[in-house]
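S.K.: just need the structure, nothing else, for what follows:
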Amino acid sequence: MDLDLNGKVYIVTGGAKGIGGAITDVLCAEGAHVVMAGHNATDLNNKLTELQAKGFIARAVEAELTRVDDCKKVVDFTWHTFHRIDGLVNNAGVNDGVGLEKGDPDRFMLSLQKNLLHYYTMAHLALTALKQSRGAIVNIGSKVSLTGQGNTSGYAAAKGAINALTREWAVELLPYEIRVNTVLPAEVWTPLYASWIQSFPDPEAKLTSITRHIPLGKRMTRPEEIAYMVAFLLSERSSHTTGQIIVVDGGYTHLDRAIDSL
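M.R.: Modelled structure (predicted):
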């Protein structure tokens, strides 16, 4: 299916690696122009070099998204470079392990800054341009917002709030025909996840203990499978879809654990 994204302009926060990198790849392959925003200059430059070598149109903005001025820098750069913004993908964040017992109020507030507040800031600052394009916002959440995980109060609170804001924004932005949806990943095979698996004494056994609970295919979700859903939600092919929380996880979050033995 042609998603008709050719020439459209999208901002992807955390767009240089992992799920964000896969989203950037898929959007560029569809002919879109992507502005990646993140705090790691090396990751941004490496990804930009890779994309430009393939002939894709992409830009990178180094930004600490916990700072409002840096978020503004990303939006202003995108507008002045392309004179339009067709969509925003709020993706940047980190499961930082700030729990109730193993944490404190200051670290909790910092976790919200890293995982939630820039979602609002980026959407607020991009809104004027999105009104002009009747664009779309896609937030990347987490299954933790539905299931809990333990020892990650900051991350879970942020991701739960993102679900609520998705539906709140979908209502508020109806007059402008700006669609807002969220994609929830669960167990996704990213470089960061691979590194985490390698931290166990028996990485293969640990991976098997996880994948045996993933109903569809007994395997991890691939980053590009998240990216395909994001691209669809940004496109006019999903023109009557808004306020949705969509879980892309092979059935891991919702299907009955009794099917593990199938």
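S.K.: just the strands in the stretch 1-150 of the chain please.
M.R.: 9-13, 33-38, 58-62, 87-90, 136-140 (DSSP state E, counting those that start in this stretch).
S.K.: pLDDT weak spots in the stretch 151-262 of the chain?
M.R.: The model of the stretch 151-262 of the chain has pLDDT under 70 over residues 261-262.
S.K.: 90 instead, please
M.R.: 192, 256-262 (pLDDT under 90).
S.K.: tell me where the stretch 101-250 of the chain has helices.
M.R.: Here the stretch 101-250 of the chain has its helices, by DSSP state H, counting those that start in this stretch, at 105-112, 118-133, 144-147, 153-172, 191-198, 203-211, 223-234.
S.K.: need the contact partners of the last one.
M.R.: If I follow you right, that is helix 223-234. 3, 5, 8, 10, 18-19, 21-23, 25-27, 30, 86-87, 89, 136, 138, 140, 179, 181, 183, 185, 188-190, 238, 241, 246, 248 (Cβ atoms under 8 Å, 6 or more residues apart in numbering). Every C-beta, even on glycine, is put in place using the N, C-alpha and C of the backbone.
S.K.: show me just the buried residues among those.
M.R.: Among those, those scoring as buried are 3, 5, 8, 10, 18-19, 21-23, 25-27, 30, 86-87, 89, 136, 138, 140, 179, 181, 183, 185, 188-190, 238, 246, 248 (criterion: 16 or more other Cβ atoms under 10 Å).
S.K.: so residue 8 sits against residue 85, correct?
M.R.: No: Residue 8 is not in contact with residue 85 according to Cβ atoms under 8 Å; the separation is 9.3 Å.
S.K.: give me the number of residues near the residue nearest to residue 72 when sequence neighbours are not counted?
M.R.: Counting by Cβ to Cβ, 6 or more residues apart in numbering, residue 125 is the residue found nearest to residue 72 once chain neighbours are left out, at 5.6 Å. For residue 125, the neighbour count with other Cβ atoms under 10 Å is 20.
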